[in-house]
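A.B. asks: Everything below, folded, please.
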Amino acid sequence: MADNVVDLTKRLPRGAIPSPRYELAAAKPHVPDPKIAVPPSFLMWPVQMDSWNNYIYGDCVSAEEAFAKATAAPQTFIPQATVVAWASAHGYLNGAGLTAVMTSMQTDGFPLNNAKYDDGPYNSVNWNNAGILQSAIYSYGPVKIGVGAGDFQSNANGLVTPGASGWAMYNYPQNQGEDHCVSLCGYGTLAQLVALFRQHNVTVTVPNGMPTGLCYAMFTWNSIGIIDQQSMLNMTYEAWVRNPATVIKVTLPDTSPRSPALASLNGSLYLGWKGDGNDNLNVEYSADNGVTFGHKYTSPETSPQAPALCVHNGNLYIAWKGDGNDNLNVARVNISGNAITGFVSKVTLPDTSPVGPALASLNGRLYLAWKGDGNDNLNVEYSADNGATFGHKYTSPETSPQAPTLCANNGNLYIGWKGDGNDNLNVALVNISGDNITGLTNKVILPDTSPVSPTLASLNNNLYLGWKGDGNDFLNVEYSNNNGVTFGGKYTLAETSPQAPALCVQNGSLFIAWKGDGNDNLNVARL
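C.D. replies: As a prediction, this is how the structure comes out:
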């Protein structure tokens, strides 16, 4: 039945089932990040809004997920039919728990344009604490709440007008049993929110006597309105925030038994890997921020290990260890128009390693790092002529049985590795003096551990570290905002891999790539 033939004055479906109390008790709470300055008022608005057929079905919990996707960055509208089909396939069409839906959304989100629009991990939110609730809304997107909606369409002091934004409601009664899922997408005084609604060409109809203090913007049934703080407290039974609200994941048909590599060049996201059942090196790219990949080039160059990719002086470079030998190789990936046409200017170095190398670009130099052959010492050297020759090798007393990772951040070069004889992750500054690499300094040994190599990336002056779990395959990302002195803000994905992930920054977003767990399919997601 189409929305335009639904009688919106009649009692509309709800569909929320209270989350189990043990889940509420065990949930990790949202803790405001002191580095995020929360403004006194805020409103986020969806790129497009819908009922997502909550007019017909009790799919409010899934509809709220679609609202969050349309509202939080990168603001993607999920069609109504997709949401209804997803809710039906998962058994959520006419009733669902909030945590059950969020758990499903972490690994099997809404399908759209060959990608999956997943949730990040979720945390409970203390809605009784205004500062914590506002922090959650501002920092990570709409807050999903379970409410008692029995009086939504009949409240004497303002009511919800489905399909028409700009309603306002206060003096909402207590003890309405939890039966509906809605979303909080803004906060401020009544006057502040009215002004913010006006910026979206929505006029708010304020009922006489409505409190003028703290209020919240709330989505339900294809509309956004305003409720006062006490009404929010009276109606709410649980609250959750997803961090992030949207993870866009694509699973490729391409496969590899080893981790892939990622790099960004001229607005395109490049993926490199070694073949499955063969050792040929492959490179392809996405011109739409990782939603679709194509233009695959398969090279006659081979390696039993994963390659490394790096953008340097406007070109894409690839590095690998030899097949049947341990010599390190570096070449430029030749790109002509939309096609990847080959690896050119290849140099085979006398330096050797039994595992793959790492690449990074800093101040016009192309840096190469690797672990020793017959020893575990870490090595770094560079090329000042775009990969034609390498030299100025530095061999560190630091050791690892796995390949290191390199990254340039805030004008410095950083190296990361897993410990030797232990699984602790390490990050250090590569000290450079003139033409010489003089040491690894400012080393931090993290409590985080992994049996395989970590990965590094730089975004907005923050140094990001990615790794797979120790004793589990969950992928993890955390960051340092003080140039590697300390790391925190750890985010554990629901995604898993037996291999290390790859990180890359593309168009102002952080991307992660990995090989599947229990399969060899390559995956790419935007965080």
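A.B. asks: So, low pLDDT: which residues of the stretch 1-150 of the chain?
C.D. replies: Within the stretch 1-150 of the chain, the stretches with pLDDT under 70 are 1-5.
A.B. asks: Remind me which helix or strand Lys35 belongs to.
C.D. replies: Assigned by DSSP states H and E, Lys35 belongs to no helix or strand.
A.B. asks: And it, how far from Asn462?
C.D. replies: 10 Å (C-beta to C-beta, to the nearest Å). (Glycine included, C-beta is placed from N, CA and C.)
A.B. asks: now do Gly374
C.D. replies: Gly374 is 37 Å from Asn462, by C-beta to C-beta.
A.B. asks: which residue ranges form the strands in the stretch 301-450 of the chain?
C.D. replies: 308-312, 315-321, 327-336, 339-352, 358-362, 365-371, 377-383, 391-399, 405-409, 412-418, 424-433, 436-449 (DSSP state E, counting those that start in this stretch).
A.B. asks: so when I look at Trp45, I'm seeing a strand, right?
C.D. replies: No - counting by DSSP: H, G, I helix; E, B strand; the rest coil, Trp45 falls outside a strand, being coil.
A.B. asks: Regarding it, what are the backbone dihedral angles?
C.D. replies: Dihedral angles of Trp45 (phi, psi; degrees, to the nearest 10) stand at phi -130, psi 140.
A.B. asks: I'd say it and Leu193 touch.
C.D. replies: No - between Trp45 and Leu193 there is no contact under C-beta atoms under 8 Å: 11.8 Å.
A.B. asks: The two - which one has more neighbours?
C.D. replies: More crowded of Trp45 and Leu193, by other C-beta atoms under 10 Å: Leu193, with 25 against 19.
A.B. asks: Remind me which helix or strand that one belongs to.
C.D. replies: Per DSSP H and E: helix 190-198 holds Leu193.
A.B. asks: Show me what that helix is packed against.
C.D. replies: Other elements packing on helix 190-198 under the criterion 3 or more C-beta pairs under 8 Å, 6 or more residues apart in numbering; DSSP states H and E are strand 42-43, strand 180-189, strand 214-220, strand 223-228.
A.B. asks: Return the angle between stretch directions for the helix or strand following the first one and strand 223-228.
C.D. replies: Translated: strand 42-43. Reading on from strand 42-43 to the C-terminus, the next helix or strand found by DSSP H and E is helix 60-71. Counting by axes from the mean of the first three to the mean of the last three C-alpha atoms, to 10 degrees, helix 60-71 lies at 100 degrees to strand 223-228.
A.B. asks: Let me know the next secondary structure element after helix 60-71.
C.D. replies: Downstream of helix 60-71, the first helix or strand assigned by DSSP H and E is helix 80-89.
A.B. asks: Contacts for that next one, please.
C.D. replies: Contacts with helix 80-89, where a contact means C-beta atoms under 8 Å, 6 or more residues apart in numbering, come from 50-53, 57, 59, 62-63, 65-66, 92-93, 96, 110-112.
A.B. asks: same thing but 6 Å
C.D. replies: By C-beta atoms under 6 Å, 6 or more residues apart in numbering, the list of residues contacting helix 80-89 from outside reads Asp50, Trp52, Asn53, Asp59, Ser62, Ala66, Leu93, Phe110.
A.B. asks: re the thing from before, more neighbours: Gly374 and Asn462, which one.
C.D. replies: Neighbour comparison, Gly374 and Asn462: the larger count goes to Asn462, with 18 against 9 (by other C-beta under 10 Å).
A.B. asks: Tell me the bridge partners for that one.
C.D. replies: Leu459 (DSSP bridges).
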